[in-house]
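Student: Sharing a model that was predicted from the sequence below.
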Amino acid sequence: MILTSIVNKFQVIILAAGQGTRLLPLTKNMPKTMIKVNDKPIIDYILSSFDQDKIEEIIIATGHYANLVENHLGKSYLNIPIKYVRNDLHKETNSIYSLWLLKNFIKNDTIIINADTVIHKDIFTLIIESIYDTGLAIDDTLAPPLPDEAMKASIKDNIIYDVSKKILPEKTNGDAIGVYKFSQSNIKILFNEIDYLIENSVKDKLFTYAVQKILKKINIYSISTKGKPWIEIDDLNDLNNFKKMVENQEL
């Protein structure tokens with residue numbers, strides 16, 4: 001479905017339960033998203049990219065040292081209420097399970113972002129104001145082959161027909177950067193798929209696994225980042241690159 005130019009307020013989900021093992025020992029006693037760059041935690045950079053006038057609520061899935069995120073942010077951000085849902089099984093599950101825990105709190109159009117993905121505020125605006133009610137933010141400026149860890153997307157007529165880390169270079173049309181937009185009706189379809197997977201003991205996958213499963217059921221569109229800067233912070237090299245981006249005022 002394609003929307004008109006009317007912009008509604010969104011619920012924003014931040015998935016922050018993971019252990020961030022590739023950044024050990026920095027993450028031994030804290031969540032990845034609480035690592036400080038220039039005395040400011042990563043999650044603060046994520047929140048500062050949001051347009052608060054377009055958000056009605058922020059829901060954060062916490063897990064690894066959950067209290068550090070919860071105590072740092074408190075109950076609101078710029079007058080936007082924050083709700084926390086803990087994934088107590090974060091050591092043996094992945095984001096598909098964290099997202100599933102939130103399903104009863106979703107009542108509106110939704111933006112989902114990983115807690116290690118920092119975007120330029122213009123990307124957030126592009127997603128919110130897109131004519132598409134359901135889509136993935138795609139960096140379509142990168143030439144394949146993309147890094148092994150990149151979430152690759154295959155796109156035709158601006159519709160995503162495959163999303164996976166294992167897509168071959170010749171079928172790669174962009175990098176799905178870790179920001180998702182779902183209409184209220186389509187996120188119900190996503191949760192129906194996640195329900196089925198959880199019932200069948202699929203708890204250790206990224207939730208993109210469920211997104212991939214519903215690509216034939218609904219149209220999920222590519223929302224271009226238009227070359228604006230972003231970064232996914234997986235390891236020390238990414239963290240150092242993020243520090244440079246902050247120093248250069250790119251983010």
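Tutor: Perfect, I can see it now.

Student: contacting residues around the residue nearest to L23 when sequence neighbours are not counted?
Tutor: If you skip the residues right next to it in sequence, L23 has K32 as its closest partner in space, 5.7 Å away by C-beta to C-beta, 6 or more residues apart in numbering. From N, CA and C alone the C-beta is placed, and that goes for glycine too. Contact partners of K32, counting by C-beta atoms under 8 Å, 6 or more residues apart in numbering, are G18, Q19, G20, L23, L26, I42, A115, D116, I233.

Student: Dump the residues you listed into TSV; add secondary structure, distance to E129 and neighbour count as well.
Tutor: Supplementary listing: those in TSV, determined by DSSP: H, G, I helix; E, B strand; the rest coil; distance: C-beta to C-beta, whole Å; neighbours: other C-beta atoms under 10 Å:
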residue	secondary structure	distance to E129	neighbour count
G18	coil	30	24
Q19	coil	35	16
G20	coil	32	22
L23	helix	33	19
L26	coil	36	15
I42	helix	25	23
A115	coil	24	25
D116	coil	25	26
I233	coil	26	26
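
Student: thinking A61 is in contact with A17, fair?
Tutor: Yes - A61 is within contact range of A17, at 4.9 Å (criterion: C-beta atoms under 8 Å).

Student: what is in contact with the two at once?
Tutor: With contacts taken as C-beta under 8 Å, 6+ apart, A61 and A17 have R86, N87, S95, S98 as neighbours in common.

Student: show me what contacts T172?
Tutor: Counted by C-beta under 8 Å, 6+ apart, T172 has contacts P144, P145, L146, K152, A153, S154.

Student: Relative to D234, how far out is it?
Tutor: Computed with C-beta to C-beta, to the nearest Å, the distance linking T172 and D234 is 19 Å.

Student: So what would you say the end-to-end distance of stretch 51-58 is?
Tutor: Chord length of stretch 51-58, first to last residue, is 12 Å (C-alpha to C-alpha, to the nearest Å).

Student: Flag every buried residue along it.
Tutor: The neighbour-count criterion (16 or more other C-beta atoms under 10 Å) identifies K54, I55, E57, I58 as the buried residues of stretch 51-58.

Student: Strand partners (parallel or antiparallel) of the helix or strand that contains the third one?
Tutor: Assigning secondary structure by DSSP states H and E places E57 in strand 55-62. Applying DSSP bridges, strand 55-62 is found paired with strand 10-16 (parallel), strand 80-86 (parallel).
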